[in-house]
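> task: produce atomic coordinates for the following.
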Amino acid sequence: MKTRVILAEDHQLVRECLRAALEKEGDIEVVDEARNGREAVSLASQKQPRVVVMDVVMPDLNGIEATRQILSASPNIKVLALSMHSDRRFVAGMLSAGASGYVLKDCAFEELAEAIRTVAADRTYLSPGIAGVVVEDYVKQLSFEGEQHISVLTPREREVAQLLAEGNSTKAVAVALHVSPKTIETHRRQLMEKLDIHSIAELTKYAIRAGLTSLEH
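Residues are numbered from 1 along each chain as shown. Got it, this is the predicted structure:
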């Protein structure tokens, strides 16, 4: 029986390369692709794959928040992070969100296939390039910068913070989250009060430091 996989990656060329490589593996089937975290959450709910290969830094909804939402709704799904970032905050963020593994994008395709098989078998996989000090930090429950503050925000406030930090207007955020602009204004006011932040510029800097978003996608 093939391992059913969803690829969540905002770069089309990367998605196409990953799909082409994985489809050569006889025991892995790519059932769908997502361009951002929000699509990944929706597709995971619909398709119920065994593994979601999740890019960490994506627009609209980042991989960390998407992982939390997927696993909250479907605990049996396994999430495998795939990222160019070996930064401790991204790795710790994904593992804290419930990801079963973390693979760097510069790895060989063979490593990615093996990582998918590993997490599908209820084991953990970490690329050798990040395993050492990251695992030590994670075991000691050392948080990435800003985690203590980010933990005071609700999941919806974290979504709003990311979308605003990425330059979206209040109206655009409201449309994306299917709520009223007034509701978004309330969320923005509350999250800024919690974080003691007083401008969108400060919020953007904070969101980048906390790993909610990145200047590079």
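
> which parts of the chain are helices?
With DSSP state H as the definition, the chain shows helices at residue ranges 12-22, 37-47, 63-73, 88-97, 109-120, 128-139, 147-150, 155-165, 170-177, 181-195, 200-209.

> for the last one, packing partners?
Applying 3 or more CB pairs under 8 Å, 6 or more residues apart in numbering; DSSP states H and E, one finds that helix 200-209 makes contact with helix 155-165, helix 181-195. From N, CA and C alone the C-beta is placed, and that goes for glycine too.

> circling back: reformat the helices of the chain as CSV; add mean pLDDT.
CSV is the format used below for the helices of the chain (pLDDT from 0 to 100):
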stretch, mean pLDDT
helix 12-22, 94
helix 37-47, 97
helix 63-73, 96
helix 88-97, 86
helix 109-120, 94
helix 128-139, 66
helix 147-150, 55
helix 155-165, 91
helix 170-177, 94
helix 181-195, 93
helix 200-209, 84
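
> in TSV: the ones you listed, plus mean neighbour count and distance to residue 54.
Conversion of the helices of the chain to TSV gives the following (neighbours: other CB atoms under 10 Å; distance: least, CB to CB, whole Å):
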stretch	mean neighbour count	distance to residue 54
helix 12-22	15	12
helix 37-47	20	6
helix 63-73	23	5
helix 88-97	22	8
helix 109-120	19	11
helix 128-139	13	15
helix 147-150	16	18
helix 155-165	22	15
helix 170-177	17	19
helix 181-195	16	24
helix 200-209	16	19
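
> for residue 82, which of those helices is the nearest?
The closest of the helices of the chain to residue 82 is helix 109-120. By CB to CB, the value is 7.0 Å.

> not counting the closest one itself, show me its contacts.
Counting contacts by CB atoms under 8 Å, 6 or more residues apart in numbering, the residues outside helix 109-120 that touch it are 3, 5, 18, 21-22, 25, 27-28, 50-51, 53, 78-80, 82, 100-101, 103, 124-125, 127.

> show me which of those are buried.
Burial of the contacts of helix 109-120 was assessed by neighbour count (16 or more other CB atoms under 10 Å); the buried members are 3, 5, 18, 21-22, 25, 28, 50-51, 53, 78-80, 82, 100-101, 103, 124-125, 127.

> can you pull the domain assignment for this structure?
Each domain of the chain is listed here as a residue range: 3-139, 147-209, per automatic domain parsing.
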